[in-house]
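Asks: this one's sequence-less:
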């Protein structure tokens, strides 16, 4: 799962989920590609709202403003849930 945050740390976009196995890219010395599924029907949310929703779900240290791997299955679920159910400006 990939989570996209705007460069100015104002908006979080719906997560993208990997939907394929790795596929080798010819003549690339071992590079692979993946297909992603992105929910284009969900508008971006204010980042502060997403952080508040994750805190309410029991994840106060979500670190959405830094690049890192999200290894926790419960945090992944919370990210998917908060982005899919929250409404912008509400």
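Replies: Ah, there it is. These figures come from a predicted structure and were not determined experimentally.
Asks: which residues of this structure fall in helices?
Replies: For the chain, applying DSSP state H gives helices covering 47-56, 73-85.
Asks: turn those helices into JSON lines, including mean pLDDT, distance to residue 8 and mean neighbour count.
Replies: Every C-beta, even on glycine, is put in place using the N, C-alpha and C of the backbone. Formatted as JSON lines, the helices of the chain follow (pLDDT from 0 to 100; distance: least, CB to CB, whole Å; neighbours: other CB atoms under 10 Å):
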{"stretch": "helix 47-56", "mean pLDDT": "87", "distance to residue 8": "9", "mean neighbour count": "17"}
{"stretch": "helix 73-85", "mean pLDDT": "77", "distance to residue 8": "18", "mean neighbour count": "15"}
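Asks: of those, which is nearest residue 34?
Replies: helix 73-85 (16.3 Å; CB to CB).
Asks: could you export the helices of the chain as JSON lines, including distance to residue 22?
Replies: Shown next, in JSON lines, are these (distance: least, CB to CB, whole Å):
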{"stretch": "helix 47-56", "distance to residue 22": "29"}
{"stretch": "helix 73-85", "distance to residue 22": "19"}
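Asks: can you tell me which of those helices is nearest to residue 2?
Replies: Across those (criterion: CB to CB), the nearest stretch is helix 73-85, sitting at 10.4 Å.
Asks: pLDDT weak spots in this protein?
Replies: Counting by pLDDT under 70, the chain shows low-confidence ranges at 82-90.
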